[in-house]
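Visitor: For reference, the sequence and a predicted model appear below.
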Amino acid sequence: MDKLKWLQTIVLLHPEDAEAHYWLGQELEQCGQALEALQIYSAALAVSQQETQRLALIQAISSITSSLQAGSPVASLENNISAASGFVAEPEIETFENEDLTLENKEQQVHTGRAGLTVFSGGKDNAVAAQRGPAPIKFNDVAGLHKLKKTIQLRIISPFQNQSLFSKFRKKAGGGVLLYGPPGCGKTFITRATAGECQANFIPVSITDILDPYIGVSEQNLKDLFDKARSRKPSIMFFDEIDTLGYNRSKSSSSMRGVIDTFLTEMEGIDTNTDQILVIGATNMPWDVDSALKRPGRFDRLVFVAPPDEEAREQIFRLKLADRYMEGIDIPLLAAKTEFFSGADIENLCERAAEQVLEEILETGVERPIRMSDVEAVLQEVRPSTMEWLRTAKNYVKYSNQSGIYNDVEEYLKKFGRRI
Ligand code: ADP
């Protein structure tokens, strides 16, 4: 069986495997079947949850759409994707909505006949990309983090769902929550799940979406994003790596100070009762976040998102291995062997094991499931990515926790610190 056929079979067997879709798309492109590749990438986008993977897919889609726009010859869509890949002829379509064209307008809008695929691409546009296609993530998809889920339920979801009750008691709904902790442990993931639970729009914002070298443009970008969130209520704005924005104002350049001030003004201007906007920030370095951002009415609640414990790791393995073709995998043993691994580390481990088996199948032509030995082989090569963060945190807790804001980290380190 040739490589293309193999990949088509694998995609057919594992429709949720975005990685396999990606490789099939690449192969189709190499075979000159651009439209089919486009369709496969779009289907992958609907199932992919990983930011980097989504980015690669978006890039692949926009590069094909650019060449299609430039008029390069392509096979007809009617040249049936269904026969080639087992996908229905009119698959679900992923739409990146972007009416917010006050931001620098870089979108490419391409209508490809029957599929009617609309693709918006370009850095800043991603800031307001609301994903409609894939089913929203819910709390059930997030392993562990029980205490955090409870806090979010109490502080975010209940007020959101009982607006009138909260206004009766003149209690402000929500308020900014700042999630912090080592990378890959679910800060973004749980925020997406929160939006899913509240049935709110999730609006991810990264600092690169805001910053612009021209005077006043960054501030305007930020205002536009808040306006966007207001026009899409209910919505949850998620500011990742907020430390880059709120990095100790006194040390920031004057242009950055303007952005921070705009941010504070916008945040304070939110009337949670009527605006139905919640702002959640995330940072790996809470100690670098300007204290102005941590005052009441702003990010007044810091919540530690710890690396998953053994029970949570087991659940993450189950989630990440679900529906894969595998045999004899001892998940509790893997959970025990992966202390300090983040959710992203575990996801990566599962992906790499699957990738290696896939490569072997492509080489030998003999299909086989993923086995325990495959995962253990990858495990030999990887280390948990949270260690550096935990060591740094140890120092901060020791020397700058007078106010007690890092008590949760302290508690965690007391429990596990000796092995760090
Ligand atoms: P962070 O924002 O803390 O850097 P992310 O939320 O982006 O990390 O996590 C990266 C990926 O790791 C997620 O997309 C998810 O697939 C996986 N992941 C992390 N934590 C969990 C968890 N608790 N349960 C399930 N998956 C998780």
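Guide: Arrived safely.

Visitor: Using the three-state scheme, assign Ile137.
Guide: For Ile137, the assignment made with DSSP: H, G, I helix; E, B strand; the rest coil gives coil.

Visitor: Now do the contacts for it.
Guide: Going by Cβ atoms under 8 Å, 6 or more residues apart in numbering, Ile137 touches 49, 189, 192-193, 196. For glycine as for every other residue, the C-beta is placed from the backbone atoms N, C-alpha and C.

Visitor: Weed out the non-buried ones from those.
Guide: Applying 16 or more other Cβ atoms under 10 Å to these, the neighbour count classes 189, 192-193, 196 as buried.

Visitor: Show only the entries of these found in helices.
Guide: Under the assignment DSSP state H, the buried ones among the contacts of Ile137 contribute 189, 192-193, 196 to helices.

Visitor: Now that we have those residues, can you turn them into JSON lines and tack on distance to Glu29 and pLDDT?
Guide: Formatted as JSON lines, these follow (distance: Cβ to Cβ, whole Å; pLDDT from 0 to 100):
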{"residue": "Phe189", "distance to Glu29": "30", "pLDDT": "93"}
{"residue": "Arg192", "distance to Glu29": "30", "pLDDT": "91"}
{"residue": "Ala193", "distance to Glu29": "34", "pLDDT": "93"}
{"residue": "Gly196", "distance to Glu29": "33", "pLDDT": "90"}
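
Visitor: and which of the residues you listed is nearest to Glu327?
Guide: Looking at those and their distance to Glu327, the nearest is Phe189, at 28.3 Å (Cβ to Cβ).

Visitor: roughly how far apart are that closest one and Val217?
Guide: 31 Å (Cβ to Cβ, to the nearest Å).

Visitor: got it, and Thr9?
Guide: Distance, Thr9 to Val217, by Cβ to Cβ: 49 Å.

Visitor: The two: who's more crowded?
Guide: When neighbours are counted by other Cβ atoms under 10 Å, Thr9 and Val217 differ, and Thr9 comes out ahead with 17 against 14.

Visitor: What is the burial count for Glu29?
Guide: Neighbour count of Glu29, defined by other Cβ under 10 Å: 19.

Visitor: brain fart, Leu13
Guide: 14.

Visitor: mind listing what it touches?
Guide: Tyr325.

Visitor: same thing with Thr283?
Guide: Thr283 neighbours (Cβ under 8 Å, 6+ apart): 178-180, 241-243, 289.

Visitor: for it, phi and psi?
Guide: Taking degrees, to the nearest 10, you get phi -150, psi 150 for the backbone angles of Thr283.

Visitor: The ligand versus the nearest residue to it once chain neighbours are set aside, what's the distance?
Guide: Of all residues not flanking Thr283 in the chain, Asp243 sits nearest, at 4.4 Å (Cβ to Cβ, 6 or more residues apart in numbering). The gap separating Asp243 from the ligand is 13 Å, by Cβ to the nearest ligand atom, to the nearest Å.

Visitor: where's Asp243, which helix or strand?
Guide: Taking DSSP states H and E as the definition, Asp243 sits inside helix 242-245.

Visitor: Please name every helix or strand in contact with that helix.
Guide: Applying 3 or more Cβ pairs under 8 Å, 6 or more residues apart in numbering; DSSP states H and E, one finds that helix 242-245 contacts helix 207-210, helix 254-268, strand 277-283.

Visitor: Could you say which one of the ones you listed comes nearest to the ligand?
Guide: Minimum separation from the ligand across these (Cβ to the nearest ligand atom) falls at strand 277-283, 5.6 Å.

Visitor: For Ser312, which non-adjacent residue is spatially closest?
Guide: Rather than Ser, residue 312 is Ala. Per Cβ to Cβ, 6+ apart, closest to Ala312 is Gly144, 2.6 Å.

Visitor: did I read that right, the one you found in a helix?
Guide: No. Looking at Gly144 with three-state DSSP, it is coil, so not inside a helix.

Visitor: And it, how close does it get to the ligand?
Guide: 5 Å.

Visitor: Next, count neighbours for that residue.
Guide: Neighbours of Gly144 (other Cβ under 10 Å): 23.

Visitor: Could you dump the contacts of Ile137 into JSON lines with distance to Glu359 added?
Guide: Output for the contacts of Ile137, formatted as JSON lines (distance: Cβ to Cβ, whole Å):
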{"residue": "Gln49", "distance to Glu359": "23"}
{"residue": "Phe189", "distance to Glu359": "28"}
{"residue": "Arg192", "distance to Glu359": "31"}
{"residue": "Ala193", "distance to Glu359": "33"}
{"residue": "Gly196", "distance to Glu359": "34"}
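
Visitor: of those, closest to Tyr396?
Guide: Distance to Tyr396 across the contacts of Ile137 (Cβ to Cβ) is lowest for Phe189, with 24.2 Å.

Visitor: Surely the closest one and Gly343 touch.
Guide: Yes. Using Cβ atoms under 8 Å as the test, Phe189 is close enough to Gly343 to be in contact (6.9 Å).

Visitor: How much space separates Glu219 from the ligand?
Guide: 26 Å.

Visitor: oh, I was asking about Ala20
Guide: Taking Cβ to the nearest ligand atom, one finds Ala20 at 17 Å from the ligand.

Visitor: tell me what the helix or strand where that residue lies is packed against?
Guide: Here Ala20 sits within helix 18-30, counting by DSSP H and E. Packing partners of helix 18-30 (3+ Cβ pairs under 8 Å, 6+ apart): helix 3-13, helix 34-47, helix 51-69, helix 343-364.

Visitor: which residues sit against the helix or strand just after the longest one?
Guide: The one in question is helix 343-364. Per DSSP H and E, the first helix or strand lying C-terminal to helix 343-364 is strand 370-371. Strand 370-371 has contacts (Cβ under 8 Å, 6+ apart) with 321, 324-329, 353-354, 357.

Visitor: hmm, 6 Å instead?
Guide: With Cβ atoms under 6 Å, 6 or more residues apart in numbering as the contact definition, strand 370-371 has outside contacts at 326-328, 353-354, 357.

Visitor: Likewise for stretch 395-412?
Guide: With Cβ under 6 Å, 6+ apart as the test, stretch 395-412 has contacts from 287, 302, 304, 306, 393.

Visitor: If we go by neighbour counts, what in that stretch is buried?
Guide: The neighbour-count check on stretch 395-412 (16+ other Cβ under 10 Å) flags 396-397, 405-406, 408-410, 412 as buried.
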